[in-house]
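>>> dropping the sequence and predicted coords here.
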Amino acid sequence: MDILSLVGIVAAFTAILLGQALEGGHAASLVNLPALLIVGGGTLGAIMLQSPLDTFKRAMSRVVWVLSPPKINPRGAIKKIIHWSNIARREGLLGLEGASNSERDPFAKKGLQLLVDGAEPDAIRAVLEVELAAKEGADLAAAKLFEAAGGYAPTIGILGAVMGLIHVMENLSDPSKLGAGIATAFVATIYGVGLANIVLLPMANKIKAQVEREVQFREMVIEGIIAIAEGENPRAIENKLKGYLQ
């Protein structure tokens, strides 16, 4: 659980509601179903229109990263790589077959299989870097979906405001209907700007940060596997990989 993300979103909404109360307003005045439908539905429709299905599905699956980021343990990975290096020095690269069969990380498992198969270091690097680049690109495209949503939401909020004002103008002769129209107009703008700047854009940046962490971790794994393929000393490998622990 990413406590900072949870505290951040709670703090943001608490500050807004507290400010509203201090100005003499009521939280209930910020609740408007038509405005929510316009902004929420319009933004969702816009990102569905702009995105391929695979990207949209991937983006929805990455929402959990905001509060529950993928577990990455660089120190543990370095220990495993040093262990693999020691096995390779004692038994040769074929001795890593058992480690390959028991490895749970698919990315590291592929690297170990390439080692066992006797692939050249350049070939191993090429295969793993292609896979890394493909995953990074797909995850960044998912993050950019929320970034795009953060751009659409304020504009759709303005659209909701204009629609509310149109409703007001149509009912100038009936004062009882003016309040609802004006409320929708202003609340739709609040929803659009608030959704973009408190939820969507921060989510996009959080997911991008997680992608960067994962890429750096996998780059470290690649360097470790290549070092084993080149027969480097385990201590030298450890010193090299510790440079990623910043």
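Right, received. Where do you want to start?
>>> from here on, just use CA atoms for contacts and neighbour counts.
Fine.
>>> in the chain, which helix has the most residues?
Counting by DSSP state H, the longest helix found in the chain is helix 121-170.
>>> what's the spacing between that helix and its chain's center?
11 Å (Cα atoms, centre = their mean, to the nearest Å).
>>> how about stretch 91-102?
Centre-to-centre, stretch 91-102 and its host chain are 34 Å apart (Cα atoms, centre = their mean).
>>> do stretch 45-62 as well
On Cα atoms, centre = their mean, the centre of stretch 45-62 falls 13 Å from the chain's centre.
>>> how does this structure divide into domains?
The chain breaks down by automatic domain parsing into domains covering 1-31, 32-246.
>>> show me what counts as buried in stretch 65-75.
W65, V66, P69, P74 (16 or more other Cα atoms under 10 Å).
>>> end-to-end on that stretch?
Using Cα to Cα, to the nearest Å, one end of stretch 65-75 lies 21 Å from the other.
>>> average pLDDT across it?
Stretch 65-75 carries an average pLDDT of 88.
>>> list of residues touching that stretch?
M1, D2, I3, S5, L6, M203, K206, I207, Q210, E214, F217, L245 (Cα atoms under 8 Å, 6 or more residues apart in numbering).
>>> please apply the same query to stretch 221-241.
77-78, 81-82, 84-86, 88-89, 93, 108, 111-112, 115, 120-121, 124-125, 128-129, 220.
>>> just the buried members of these?
In the contacts of stretch 221-241, burial by neighbour count holds for 77-78, 81-82, 84-86, 88, 93, 108, 111-112, 115, 121, 124-125, 128, 220, counting by 16+ other Cα under 10 Å.
>>> what strand or helix carries V187?
Taking DSSP states H and E as the definition, V187 sits inside helix 178-194.
>>> likewise A35?
Going by DSSP H and E, A35 is in helix 33-36.
>>> tell me the mean pLDDT over the helix or strand following that helix?
Where DSSP H and E defines the elements, the next helix or strand beyond helix 33-36 is helix 42-50. Computed over helix 42-50, the mean pLDDT rounds to 94.
>>> give the other helices and strands that helix 42-50 contacts.
Applying 3 or more Cα pairs under 8 Å, 6 or more residues apart in numbering; DSSP states H and E, one finds that helix 42-50 contacts helix 121-170.
>>> just want the most central residue of the chain.
Among the residues of the chain, I207 comes closest to the average C-alpha position under Cα atoms, centre = their mean, at 2.0 Å.
>>> separation between it and S61?
Using Cα to Cα, I207 is found at 11 Å from S61.
>>> where in the protein is pLDDT low?
Low-confidence segments of the chain, defined by pLDDT under 70: 25, 174-181, 183-184, 246.
>>> could you redo the last one with a cut-off of 80?
Flagging of the chain using pLDDT under 80 yields the residue ranges 1-2, 20-30, 164, 166-185, 246.
>>> name the SS class of the residue of it most remote from its centre, please.
No residue in the chain sits farther from the centre than S173, which is 49.8 Å out by Cα atoms, centre = their mean. At S173, secondary structure determined by DSSP: H, G, I helix; E, B strand; the rest coil is coil.
>>> so who does it touch?
S173 makes no contacts at all, as judged by Cα under 8 Å, 6+ apart.
>>> now it: how far from H167?
Distance, S173 to H167, by Cα to Cα: 12 Å.
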